[in-house]
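In: Kindly return the folded structure for what I paste below:
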Amino acid sequence: MVIHKAAATVFTPLDDGTGVLLNLDTLLYFTLNRTGAHLWKLLEEVQSVSLDDLVMLTCERFEVSEAQARMSLLAFVDRLDNFHMIRLA
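Out: From the prediction side, this is the model:
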């Protein structure tokens, strides 16, 4: 699975390390905790990333197991997809 940033999605970082996503086409918004904001910044830099690479980077950055990272990331990606913030391929 490859995750692509939706062109209509904009990110606003907040002072506390969290952030807010807004899809300009749907006007749906989604709040991100610090971990989600970090992952979104990465996605903005590369525009697309595989789930496997995201799991690996999450394990390195946050010291979690691969199984835990994969489960959390699948839920996160599913929510972003439901809010039309990303495209999956």
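
In: what's the lengthiest helix in the chain packed up against?
Out: The longest helix of the chain (DSSP state H) is helix 66-82. Using 3 or more CB pairs under 8 Å, 6 or more residues apart in numbering; DSSP states H and E as the contact test, the elements touching helix 66-82 are helix 34-46, helix 51-62, strand 86-88. Just so you know, the C-beta spots here come from the backbone N, C-alpha and C atoms, and that holds for glycine as well.

In: what residues does it touch?
Out: Contact partners of helix 66-82, identified using CB atoms under 8 Å, 6 or more residues apart in numbering, comprise 1, 3, 21, 30, 36, 39, 51, 54-56, 58-59, 62, 64, 86-88.

In: still on that earlier bit, got JSON lines for the helices and strands packed on helix 66-82, with mean neighbour count and distance to P13 too?
Out: Listed next are the helices and strands packed on helix 66-82 as JSON lines, based on neighbours: other CB atoms under 10 Å; distance: least, CB to CB, whole Å:
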{"stretch": "helix 34-46", "mean neighbour count": "16", "distance to P13": "6"}
{"stretch": "helix 51-62", "mean neighbour count": "16", "distance to P13": "17"}
{"stretch": "strand 86-88", "mean neighbour count": "16", "distance to P13": "18"}
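
In: Now render these as TSV, adding distance to A7 and mean pLDDT.
Out: Output for the helices and strands packed on helix 66-82, formatted as TSV (distance: least, CB to CB, whole Å; pLDDT from 0 to 100):
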stretch	distance to A7	mean pLDDT
helix 34-46	12	94
helix 51-62	20	94
strand 86-88	9	97
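
In: returning to what we had before: how far out from the middle of the chain is the longest helix of the chain?
Out: Centre-to-centre, helix 66-82 and its host chain are 9 Å apart (CA atoms, centre = their mean, to the nearest Å).
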